[in-house]
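**Q** Here's a sequence, model it:
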Amino acid sequence: MTSTSGIVLAISLIIIMFGMGLSLTMSDFKRVLIYPKAIFIGLASQMIILPLMGYLIATLLNLSPTVAIGIMLLAACPGGATSNMLTHLAKGDLALSVSLTAVSSLLSIVTIPLIVQFALTEFSGQSQAITLDVFAMIKQLFVIVLIPVWIGMTIKKIFPSFADKMNNPVKTASAIIFVLVVIGVTYSIRDVFMIYLNEAGVPSIILNITTMTIGFLLAVLFKLTRPQAISISIETGIQNGTLAIAIATIILNNVAYSIVPAIYGLLMFATSALVVILSKRQRAK
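**A** Predicted structure coming up:
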């Protein structure tokens, strides 16, 4: 990927994270203390079970190093603003969804480097493991994730009416940016895309469906409400694909690692639409 493409992708991600910040307040973080069980189950599903499932899928299916690392990179990323929108459409607990997105995004600054380093060491296929500069990665994530979110939250606090007006347009722009990023990645690897699609397509579907199902069942097992279960299911299955692509292309400097996030990004909308439809039918009954 050229330096210009990397800059464009970084700016795109900053805009997306800024848009997320416009919808967040400090109360979204305080809910961790107010509703600890729902938050804990949601975070466990997203930050522990999701990477474990990614590792199991990569290992059991004997995926190539490139696809395996892509799976783990995607599984390490938190949910994005898209998960909040889909939760709203599915009549889930929107406050819980927003809180999970906020907290997982904050924690991911530390967890992403650890999981990515593990994936590079485990699946690189080289005699000597690839060493990741963890602190440099944390600083880069801080710049493209936390700072834009903080700026958005600050504007939300000082100019709440402006933030509310900008919320939906920025979310729409974020969705468009994500689609354009996926198209850009697909075009940049068009010569080998179909080869990787054949290998990465099925694992991506399995990861998406199994994690959404596990998230929902865990919530039911711990006697959470149905809206809470829907939120946790979507938060577990809908990842910030743009962040995964940015890490692959900008930080790891390997566009091939972004193939899985790109494919997953397309597939997750289909499964999420199914969840929305089923949820609405259930409510109608």
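**Q** show me where the protein has helices.
**A** Under the criterion DSSP state H, the chain carries helices at the ranges 3-22, 26-34, 36-44, 50-60, 65-76, 81-89, 94-123, 134-141, 147-158, 160-188, 193-221, 226-237, 241-246, 259-284.
**Q** List the buried residues of the third one.
**A** Meaning helix 36-44. By 16 or more other CB atoms under 10 Å, the buried positions in helix 36-44 come out as 38, 39, 41, 42, 43. Every residue, glycine included, has its C-beta placed from N, CA and C.
**Q** TSV for these, including pLDDT and distance to residue 118?
**A** As requested, the buried residues of helix 36-44 are exported to TSV (pLDDT from 0 to 100; distance: CB to CB, whole Å):
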residue	pLDDT	distance to residue 118
38	89	28
39	89	25
41	93	24
42	91	23
43	92	19
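**Q** if we can go back for a sec, in JSON lines: the helices of the chain, plus distance to residue 252.
**A** Formatted as JSON lines, the helices of the chain follow (distance: least, CB to CB, whole Å):
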{"stretch": "helix 3-22", "distance to residue 252": "11"}
{"stretch": "helix 26-34", "distance to residue 252": "29"}
{"stretch": "helix 36-44", "distance to residue 252": "25"}
{"stretch": "helix 50-60", "distance to residue 252": "16"}
{"stretch": "helix 65-76", "distance to residue 252": "8"}
{"stretch": "helix 81-89", "distance to residue 252": "23"}
{"stretch": "helix 94-123", "distance to residue 252": "7"}
{"stretch": "helix 134-141", "distance to residue 252": "9"}
{"stretch": "helix 147-158", "distance to residue 252": "21"}
{"stretch": "helix 160-188", "distance to residue 252": "13"}
{"stretch": "helix 193-221", "distance to residue 252": "16"}
{"stretch": "helix 226-237", "distance to residue 252": "24"}
{"stretch": "helix 241-246", "distance to residue 252": "10"}
{"stretch": "helix 259-284", "distance to residue 252": "12"}
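**Q** which stretch among those comes nearest residue 253?
**A** Of all the helices of the chain, it is helix 3-22 that lies closest to residue 253, at 8.6 Å by CB to CB.
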